[in-house]
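Student: I would like to see how this sequence folds:
(3 chains)
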Amino acid sequence: MRRLGLRGIAVFYLLAVLLGPLTMVFYRAFERGLTPLWSSLSDPNTVHAFVLTLKITAIAVPINAVFGVVCALAIVRRRFPGAGIVNAIVDLPLALSPVVVGLMLFLLYGRTGWFGSWLEAHGIQVLFATPSMVIATIFVSLPFVAREVVPTLRELGDEQEQAAHTLGASSWQTFWRVTLPSIRWAVIYGVVLTTARCLGEYGAVAVVSGHIEGKTETATLRVQDYYENFNLTGAYGIAIVLAAISVVVLVAMTLLKPKEGV
Amino acid sequence: MNKTRKAILLAAVVAALATAAAAAAGTNLSLVAYSTPKTVLGKIIQAFQQTPQGRSVSFSQSYGASTDQARAVAQGLKADIVFLSTGDDVNLLVDQGLVDPKWNRQSYDGIAADTVVVFAVRNGNPKHIKGWADLIKPGVQVVTPNPFSSGSAKWNVLAAYGAERRLGKTDKQATDYVQKLFQHVVSQDTSGRNATNTFLAGKGDVLITYESEALAARANGQNVQYVIPRQTMLIELPIAVLKNSSDKDVANQFIRFVKSPPAQDLFAQNGFRPVDKKVAAKYADKFPARPGLFRIDDKYIGGWRNADKVWFDPNKGRMTKIEQAAGGPTSG
Amino acid sequence: MTTFLSVVVLLPIAALVFSSGDQGWHQFWSVATGPEAVASLKLTLGAAVAVSLINAVVGTITAWVLVRDDFAGKSLMNAVIDLPFALPTIVGGLTLLTLYGPRSPIGIDIAFTRTAILLALLFETLPFVVRTVQPVLLELDREAEEAARSLGAPESRVFRSIVLPNILPGILSGVALGFARAVGEIGAIVLISGNVPFKTEVSAVFVFNHIQSGDQNGASAVALVMLAIAFVLLLAIGGVRFLATRHERDA
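Tutor: Prediction:
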């Protein structure tokens, strides 16, 4: 009986908080039929918003993937003082509010910021333009690959690398042929998490973007734009596209997750 | 290089050339506006693009709370033209050296369109709200944006104060009225549009907003009723070109177009009161006159510079004290 | 790697710390303890605590059900838990608004209330405790439990004395992660809470509004407090991890 009770609590909670609302969104998106939905989604500014989101993601993910692997290697394989601090710094974006990230960028690249006058003098636009949005997205999605690779590297131990080294392989060969293949799945899983984070970023880019339609609006900002301009169908439309992408990501996560078994 | 790689490279080169050609072909104007005029500006831009001067001009548009937008431009948000909701916010840019101080010597004093302060109420007006005095009756909940971030809110404050003065109250009594009003305020969103959404979502009994915004909500199928109080303020919406615009000529052409009859007609059709008198006469029955209509240069308000100092100065302004007393925000 | 880390993470943090102290720490303190700032911090921390308590209980129950129970649809349920990690936060807020907002089909309208904030945070922090407790429960050796049961101990006693101490570190780190997330959340909250200063304005919204209005000092003051909280939480999580694995190291 208790078993059913616990199961019931868990299922009810998930339905009430997660699945119920999600189903409602799909319903509301199609409520008024396909035409208004399609016209909102095919609006050139909306298309641009999706493209911009994908562009930013396409830049941030590889950068964080490379950084994540390098960082994990440094933390696990090289005993240097401060490895713990590096670990904490890499984890910081997980704990920090994205608006604080946006503020930091303002303080650095805004007109009155540290680099503000230099940037203005050289006509370089960082804030209210794509560069600041890319930097913000890199910051918030930084930890994922590193966090997935570190435990895997730790578990693997470095015997194989040492063996390769004694057989005369260079560092690069060792990395490419021995290390990387063994952490492959951890990297892929980390990349999936990073991609999800980049696609869903809102707080930091909301601060730095300037909300210029057709220029600096990402898909998530466009949801807010439609919502605030009485276009609920449009808002829901973008939401379900993003939700559909999230489900794909979720499937990838489920299939690739380091086997913990259920 | 194998065939596939060649094909990809060729495609990339073609795409790059095409983009460069497209970019070089026309001008792009960056328009930074306050939160509510997106629909009408979209239509005016389309009309402009049908004219010979506008044919190859594309527009980037950004909408947000008027004062916040002005500050963003001051912080580096690229703009060729600003269309804000108060002269106060344009003055902010003048003080930063970004807009010419003579901006309001252009035609129509630099104003693109007008509207008035109105009360949006629930269907059937259950609380029988007709005038300013009804807003401070017990139990009445008022929605207005935050005067430190929104142009709409600034108009609301000055309209409230000015209405009381014109009814014969003294400066102190009128200021006390504004304080009482803000004790009835239940929500202060950052922008006029956010306040509209809050009201439409069910909060409050009355929303103090632009007539144009009430009409816009109606046009969007929202069930909105509004009341124009007898004593109300003429909201004059300024448009100005930025000094550092790289396309000043085209920008000025657009501004001239905005004040021309076709654009003024579009304004009127979308809920704004045209500045062009002839066009305004055509739509006279859509926009009722009010005997108690007063402007920013009214003797009790004294223009934007004065109003800004007296009411909206972040340290010594009256709104700071009123917000503190009412437990509201003392900055944007 | 160090250059990348410095430019991307350390430099912005330095900008925040030094800009806050720009006009003197006295000024910083007076802004950070201003009424609106304090109200937002109280609301944010209060909400985070409430949400953490709920997560600790419901998250553990969910993990328990996923590990010890078996039923049709369990693997689906397991997959769904990660949804808040995959879904953009603003979409999360919008979905809650459709079911629990003005046009709610079930008649529950909590938009623009503090309950809305709690709900949004529960949505976003749902996976944390579940995912930190699950692996621990999986690895748990059941012998001690079986022994206790065969000696006649009631289930609640078995749970309290044997299972709980073992999964406590998992619960705590999940709670800490969720707490950190709750303190910083903006996307899920911004559409649904109304953002009324002193009533439903969380610290993240406070910072956002003050950046927009040019009040970088006010924004920085609260942002710095939020940064400090984030650091403390990371240390706490690290500490829990350290304590939890010390028996592995001692072994």
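Student: Can the least confident helix or strand in chain C by mean pLDDT be said to contact chain A?
Tutor: Considering only helices and strands, the least confidently modelled element of chain C by mean pLDDT, DSSP states H and E is helix C:25-32, at a mean of 78. No: using CB under 8 Å from any CB of the partner chain as the criterion, no contacts between helix C:25-32 and chain A are found, and the smallest distance is 13.7 Å. From N, CA and C alone the C-beta is placed, and that goes for glycine too.
Student: Output the contacting helices and strands for that helix.
Tutor: Secondary structure elements in contact with helix C:25-32, counted by 3 or more CB pairs under 8 Å, 6 or more residues apart in numbering or on different chains; DSSP states H and E, are helix C:216-250.
Student: Show me which positions of the helix it packs on end up buried.
Tutor: Within helix C:216-250, the residues that qualify as buried are C:216-227, C:229-231, C:233-234, C:236-238, C:240, C:244, counting by 16 or more other CB atoms under 10 Å in any protein chain shown.
Student: Going by neighbour count, list what's buried in the least confident helix or strand of chain C.
Tutor: Taking 16+ other CB under 10 Å as the neighbour-count basis, helix C:25-32 is seen to contain the buried residues C:28, C:31-32.
Student: how about the helices in the stretch 151-300 of chain B?
Tutor: The residue ranges that make up the helices of the stretch 151-300 of chain B, judged by DSSP state H, counting those that start in this stretch, are B:151-166, B:171-183, B:192-200, B:211-219, B:248-258, B:261-269, B:277-282.
Student: which outside residues touch the fourth one?
Tutor: Contacts of helix B:211-219 from elsewhere in the structure, counted by CB atoms under 8 Å, 6 or more residues apart in numbering or on different chains, are A:230, B:36-37, B:39-40, B:113, B:115-118, B:120, B:152, B:192-193, B:196, B:200, B:224, B:226, B:228, B:270-273, B:287.
Student: what do you get if the cut-off is 7 Å, keeping everything else the same?
Tutor: By CB atoms under 7 Å, 6 or more residues apart in numbering or on different chains, the surrounding residues in contact with helix B:211-219 are B:36, B:39, B:115-116, B:118, B:120, B:192, B:196, B:200, B:224, B:226, B:228, B:271-272.
Student: What parts of chain A come near chain B?
Tutor: Contact residues (CB under 7 Å from any CB of the partner chain) of chain A with chain B: A:110-111, A:125, A:127-128, A:210-215, A:228-230.
Student: List the ones among these that fall in strands.
Tutor: When DSSP state E defines the strands, the subset of the residues of chain A next to chain B inside them is A:212-213.
Student: Name the residue of the stretch 51-200 of chain C that lies nearest to chain B.
Tutor: residue C:197 (4.1 Å; CB to the nearest CB).
Student: For the residue nearest in space to the middle of chain A, list the residues it contacts.
Tutor: Relative to the mean C-alpha position of chain A, the nearest C-alpha, by CA atoms, centre = their mean, is the one of residue A:197, at 2.0 Å. Contacts for residue A:197 (CB under 7 Å, 6+ apart) come out as A:140-141, A:144.
Student: could you redo the last one with a cut-off of 6 Å?
Tutor: Neighbouring residues of residue A:197 by CB atoms under 6 Å, 6 or more residues apart in numbering or on different chains: residue A:141.
Student: Which helix or which strand is home to the residue nearest to residue C:65 when sequence neighbours are not counted?
Tutor: Here the nearest residue to residue C:65 in space, its sequence neighbours aside, is residue A:10; by CB to CB, 6 or more residues apart in numbering or on different chains that works out to 4.4 Å. Secondary structure assignment for residue A:10, by DSSP states H and E: helix A:2-14.
Student: send the alpha carbons of the helix or strand just after that helix over as CSV?
Tutor: Using DSSP H and E, the helix or strand that follows helix A:2-14 in sequence is helix A:20-31. Extracted C-alpha coordinates of helix A:20-31, given in CSV (Å, rounded to 0.1, in the frame of the first residue of the first chain):
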residue,chain,number,x,y,z
GLY,A,20,0.4,18.8,-17.4
PRO,A,21,1.6,22.3,-18.3
LEU,A,22,3.6,21.0,-21.2
THR,A,23,0.6,19.3,-22.7
MET,A,24,-1.4,22.5,-22.3
VAL,A,25,1.2,24.5,-24.3
PHE,A,26,0.8,22.1,-27.2
TYR,A,27,-2.9,22.4,-27.0
ARG,A,28,-2.9,26.2,-26.9
ALA,A,29,-0.5,26.5,-29.7
PHE,A,30,-2.8,24.6,-32.1
GLU,A,31,-6.0,26.0,-30.5
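Student: Could you give the average pLDDT over helix A:20-31?
Tutor: Helix A:20-31 carries an average pLDDT of 87.
Student: That one vs helix A:2-14, what angle?
Tutor: Between the direction of helix A:20-31 and that of helix A:2-14, the angle (axes from the mean of the first three to the mean of the last three CA atoms, to 10 degrees) works out to 40 degrees.
Student: quick one on the thing from earlier: mind putting the residues of chain A next to chain B into CSV with distance to chain C?
Tutor: Supplementary listing: the residues of chain A next to chain B in CSV, determined by distance: CB to the nearest CB, whole Å:
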residue, distance to chain C
A:110, 8
A:111, 11
A:125, 18
A:127, 11
A:128, 12
A:210, 11
A:211, 10
A:212, 15
A:213, 17
A:214, 19
A:215, 18
A:228, 9
A:229, 13
A:230, 13
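Student: Run through the chain and note the low-pLDDT ranges.
Tutor: All of this is about chain A. A:1, A:258-262 (pLDDT under 70).
Student: hm, I was asking about chain C
Tutor: Regions of chain C meeting the criterion pLDDT under 70 cover residues C:246-251.
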